[in-house]
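# sequence? don't have it. structure:
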């Protein structure tokens, strides 16, 4: 691991001050800025050991848990502090009852140890598991070195993206919680040197296009402080279905985040996200539209799945994920419909 | 940097490079080699310890980040010569072969019981999935945890 300076922030004001040095303004992306925030460290320390991330300063923000670590639900929705740990939100009884998709997306991710460590803010910023990104001995990776090419394109790419990828990068977003946030139309609270702003979670991550090294719309030095999941009549009838190579402690090959508001068997509103399949946390407005106003039967579920994957494009070994993604969504929709709420 | 780590109830004053992980601090600076270095990437669970009573991975935790917080390692499980009920159950059920993953399994298993996740075999298997055992002692590890859980609750 390369040397770095360790700084401890006592509160948010100090964290922002420590992380907004003179060079942050000229950094090309949030994740390549020379100063990085440290919370659980489960992505950052891992990637620093692999020499993929090379920050010069780490600002430890764990002391901000008092300010930004609460989990609270009210009539407007679910408010999740960015310093809450994955396990805290997964175990919260109100989250489990009223937002089961959120609880499941967290509980089905990582291991108990990692869920105790990883903050919610850090979780959504986890980096792709593409092997060519994680191993700097491969020189061609447009995410690590813009313009160097993409070794995954003709390499071992079985787990990579079939939605939202580009000719420059086919890495997939590996997370689960972010997919649930995208599906439920969450917003993200961001603090920076210039003050506070609120962003639709769907707009936090960027598609790779020709700049796959810029993964989010965060500016260097900005800090995620929390998330709000809006309340809705669909949140209780919601689930997260995850399909993987092994039954536990594994990233998704495919996943479906589904929430339904059903009246007399007819879908009034649907909220649908897809994981494992896409370059960023993916919400399928197309699948939601295909279901709206229809009785939820197997034909409707298939129509929604076809709509969700209509623009999918497979690269090499990953092509099987298109059909697996359809089947995952069909099963998730039928399971959600059958839930007793 | 100068820092104080609280390990198994005792404060230790150390001078460490900021890059030092909690695992390396334990093993290389404090001689507490019970916690094992398996993958060193947060994938195997051999380095599992408790911080603030919660199980975490010492290989992905900077020592600097746990200053002032209580750390518990496998060395602190037994009371003198009296094994912790989980250690006794691992011996009783032959829940290991080579033993390399065992300290991590033990720390994870104790936490699994404290969390209330040891109520049946399926829950134990799910909540122990972060601890790999290349010898494949999993069935006996589950046996040991199932056996130890009520003994731990009795105190």
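All right, it came through fine. Bear in mind the structure is a predicted one, so any value in this text is a computation, not a measurement.

# residue A:34 - how many residues pack around it?
Residue A:34 has 16 neighbours, counted by other Cβ atoms under 10 Å in any protein chain shown. Every residue, glycine included, has its C-beta placed from N, CA and C.

# which residues does it contact?
A:21, A:23-24, A:27, A:55-57 (Cβ atoms under 8 Å, 6 or more residues apart in numbering or on different chains).

# pLDDT at it, what is it?
Per-residue confidence (pLDDT) for residue A:34: 94.

# count of residues packed around residue B:82?
Neighbour count of residue B:82, defined by other Cβ under 10 Å: 9.

# where does it fall, phi/psi-wise?
phi -90, psi 110 (degrees, to the nearest 10).

# so what's it bridging to?
Beta-bridge pairing for residue B:82 (DSSP bridges): residue B:79.

# and it, how far from residue B:88?
Distance, residue B:82 to residue B:88, by Cβ to Cβ, to the nearest Å: 9 Å.

# again with residue B:101
Taking Cβ to Cβ as the measure, residue B:101 falls 18 Å from residue B:88.

# go on, residue B:130?
Note on residue B:130: its distance to residue B:88, by Cβ to Cβ, is 23 Å.

# who's more crowded, the two?
Taking other Cβ under 10 Å, residue B:130 and residue B:88 do not tie; residue B:130 has more neighbours (25 against 16).

# list the contacts for the closest residue to the more buried one other than its chain neighbours?
Nearest non-adjacent residue to residue B:130, counting by Cβ to Cβ, 6 or more residues apart in numbering or on different chains: residue A:111, 2.4 Å away. By Cβ under 8 Å, 6+ apart, the contact set of residue A:111 is A:249, B:45, B:129-131.

# got the residues you listed as CSV, with distance to residue B:70 and secondary structure columns?
As requested, these are exported to CSV (distance: Cβ to Cβ, whole Å; DSSP: H, G, I helix; E, B strand; the rest coil):
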residue, distance to residue B:70, secondary structure
A:249, 27, coil
B:45, 20, coil
B:129, 26, coil
B:130, 21, coil
B:131, 22, coil
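
# buried among these? Make that a PyMOL selection.
The buried residues among the contacts of residue A:111 can be selected in PyMOL (16 or more other Cβ atoms under 10 Å in any protein chain shown) with this line:
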select buried, (chain A and resi 249) or (chain B and resi 45+129+130+131)
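
# identify, from the contacts of residue A:111, the entry nearest to residue A:82.
Of all the contacts of residue A:111, residue A:82 sits closest to residue B:130, with 23.1 Å by Cβ to Cβ.

# so that closest one makes contact with residue A:116?
No: look at residue B:130 against residue A:116 with Cβ atoms under 8 Å: they stay out of range, at 9.9 Å.

# from residue A:58, how far off is whichever residue of chain B sits closest to chain A?
Of chain B, the residue with the smallest distance to chain A, taken as Cβ to the nearest Cβ, is residue B:130 at 2.4 Å. Distance, residue B:130 to residue A:58, using Cβ to Cβ: 24 Å.

# the closest residue in space to residue A:278 that isn't next to it in sequence - how many residues pack around it?
Of all residues not flanking residue A:278 in the chain, residue A:163 sits nearest, at 3.9 Å (Cβ to Cβ, 6+ apart). Residues lying near residue A:163 (other Cβ under 10 Å) number 24.

# domain-wise, how is the chain divided?
Let's take chain A. Taking automatic domain parsing as the domain assignment, the ranges for chain A are A:5-63, A:65-125+A:173-230, A:238-336.

# hmm, no, I was thinking of chain B.
As assigned by automatic domain parsing, chain B contains the domains B:2-74, B:85-153.

# in a helix, residue A:267, correct?
No: Residue A:267 is assigned strand when assessed by DSSP: H, G, I helix; E, B strand; the rest coil, not a helix.

# tell me the pLDDT of it.
98.

# compute the number of surrounding residues for it.
Residues near residue A:267, counting by other Cβ under 10 Å, number 22.

# now do residue A:38
By the measure other Cβ under 10 Å, the count of residues near residue A:38 is 25.

# how about the backbone phi and psi for it?
Torsion angles, degrees, to the nearest 10, at residue A:38: phi -120, psi 120.

# my read: it touches residue A:61, true?
Yes: proximity of residue A:38 to residue A:61 meets the contact threshold set by Cβ under 8 Å, at 6.7 Å.
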